Structures are given as structure tokens and as C-alpha cells.
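Q: The following comprises the amino acid sequence and a computationally predicted model.
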Amino acid sequence: MTPPRCPRTLAVLGRWLLGTGLVSWRYLWETTPLHRGGECRGDETDLPPPLPPAALDSRVQRAQDGCGPLFHRLFRVRITEADIGPGRLIEWVCRDFKRFVPSEVVDIHTGELRDQGLDVGDELLVEMPGPWNGPVKVVHRDVDCLHLVTLRGHMEAGQVHFRAREEDGLLVFEIELWACPGSRLVHLLYSHLRLAKEIQLNMWVRFCLAAAAMSGGRPADGVHIHTRWLESPEGTSVRPPSPAGKDSSGGAPAQEAPPAGRLGQPGASGDHRRRDST
């Protein structure tokens, strides 16, 4: 009578109920300043960067496969007194991704990883509150950048970049996302009721704060959050480069992504936007 997955379902439900309460409590009492720059309508510079053709298969869930508006979000923390550099921080993200997420509501499952941690082709399953899991795949890794794309079944459809750099004597860590809700239900919870959107915000804020702690430093001025949105990508040119183009996964330079400088003053310079050139 009892389904085989019942214990796992109960575990997920229990972590969701208890964890969401704990996260909400921590969120209410969070002393780190969160600089939410508000939301505004975006333009063509907010379209996602192209994906390497070799990364595309039937499981990849691109932004145009989603439902509702495209959200372009940037989370940034400037870290003072860090003990490590940008490359080392991204290496730790790749080696121990699980340590950066709020474990009370999120669990990370990976397959067998190589010594260097996450690399191109590796997949993660991000187990989150609610009836969704978050399968993602690595499509590019650089010394100071990790690039993931969502897979079928994820609550969102799009891409996320993790990157680090030095700027004005500080270590800067950023998470940049281009994503649409993955279904009509998520569209309702994300765009209208805003529940899923706040869960996402809390997760990435905690990731930024964990990056600061792992570096041995502390946030210089809190976490900065910028959000821009576009109408449904069905009517836009959100498309990966065609296989016949110059871009390839064999090492040729990828097309330069549209600048995201309007999301915030630092963090969008072309010097730190090497795209999927694996």
C-alpha cells in the first residue's frame, strides 16, 4: 500500500516545512544589508548569452522553453579582507557546491566528480522546497567562472553564471541569472504570488554570504540585487548560436553576450565575461 518513495517524499516535505520556517526566521532577522535595486523593464541587452552547440540536447531547458517573462537578475557581494583570490573561490564552488547553499531547505546531489570538482558535462540535482527539483548541467568552466544551464524538470528555464574577480582591492563574487518560469504554475508562484521568487532570492543571497565567509573575508557593503525583465521570450531573439556559426564547443571563442551594465555599475564589464568557449 505504501509507495516505495514515501520515506523520501516525507523527508522532502519535512525539510520543506521546517526549513522554510527556519529560513524565513533568518531572513527576517538578517543583519546583512540587502540592496534591492527594484525591478524595471529590460531591453535586448538582457537576453541570455549563447550556449555552446555541443551543450544542447533534448534535456536542456532554454529560456524560450519556459513560460512567462524572462528575468535577468544579478546578485553581487564585494568582499573585504579575503584570504584567497577569485580563482581559488570559484575552485571551491566547483569542488564543494553544497557548502554554499542553505542546507535547511536545499540539498545537492551530484554523480562521481573528478578531482577538480564540477566540470563541463557534469550534472547536479538541486532538491528544493515544493514539488520541484532543480536539475542543471555545467556547460562551461573557467578559472574564474562557472556556467550552468537548466534541464527538463527544473522550476526555471535558463542559465546561471557564478564568477569572481578582483576590483579596487576587493574580491567581488557575482551570480547572474537569465531565466523564465518553467511552467504555468511556477509562473503564478514566481511572477504573481512572488513566493518562488523570494525563495530564489534567499538562496542566492545566502550563497553570496557563504562565498564571503569561505574566502575568509566579510561583505564590504552587503549584497546588491538587480532585476530586469522582458516579455515572454517567444517574441524575442533568445536563441543559441547556430551550429553553422563561428561559435563552437571545440575551443573557438563564443559570441560576446550583450552587456549587462545596466544591472549595476560594477560586474558587467566585458573583461570578466568570457563566454562558453569550451
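A: Great, that's in hand.
Q: As a check, name the ranges of all strands in the stretch 101-250 of the chain.
A: Listed from the start of the chain, the stretch 101-250 of the chain has strands (DSSP state E, counting those that start in this stretch) covering 107-110, 123-127, 133-142, 145-150, 156-167, 170-181, 218-230.
Q: Show me the contact partners of the longest one.
A: What it means is strand 218-230. Applying CB atoms under 8 Å, 6 or more residues apart in numbering, the contact partners of strand 218-230 are 32-43, 46-47, 69-81, 170, 201, 205, 208-209, 212, 236, 262-264. C-beta: built from backbone N, CA, C; applies to glycine.
Q: Check which residues of that strand are buried.
A: 219-220, 222-230 (16 or more other CB atoms under 10 Å).
Q: Specify which member of the residues you listed is nearest to L177.
A: Within the buried residues of strand 218-230, proximity to L177 (CB to CB) peaks at T227, which comes in at 9.5 Å.
Q: Output stretch 168-181 as CSV, nothing but the C-alphas.
A: As requested, the backbone C-alpha atoms of stretch 168-181 are provided in CSV (Å, rounded to 0.1, in the frame of the first residue of the first chain):
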residue,chain,number,x,y,z
ASP,A,168,39.6,48.1,-6.3
GLY,A,169,41.4,45.9,-3.8
LEU,A,170,38.3,43.8,-3.1
LEU,A,171,37.2,40.3,-4.0
VAL,A,172,33.9,40.5,-6.0
PHE,A,173,31.6,37.5,-6.3
GLU,A,174,28.6,37.5,-8.6
ILE,A,175,25.7,35.2,-9.5
GLU,A,176,23.9,36.2,-12.7
LEU,A,177,20.7,34.5,-14.0
TRP,A,178,18.7,34.6,-17.1
ALA,A,179,15.5,32.5,-16.6
CYS,A,180,11.8,32.2,-17.3
PRO,A,181,9.4,30.2,-15.1
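Q: per-stretch mean pLDDT over the strands of the stretch 101-250 of the chain, give me the minimum one.
A: When the strands of the stretch 101-250 of the chain are ranked by mean pLDDT, strand 107-110 comes last with a mean of 83.
Q: Could you list the paired strands of that strand along with their orientation?
A: Sheet partners assigned to strand 107-110 using DSSP bridges are listed as strand 123-127 (antiparallel).
Q: What residues of the strand it pairs with count as buried?
A: Residues of strand 123-127 classed as buried: 124-127 (neighbour count, 16+ other CB under 10 Å).
Q: isn't E156 right next to G66, touching?
A: Yes - assessed by CB atoms under 8 Å, E156 is found in contact with G66 at 6.9 Å.
Q: dump the residue contacts of G216.
A: Counted by CB under 8 Å, 6+ apart, G216 has contacts 81-84.
Q: Which of the residues you listed has the largest number of neighbours?
A: Compared across the contacts of G216, A82 has the highest neighbour count, 23 neighbours, by other CB atoms under 10 Å.
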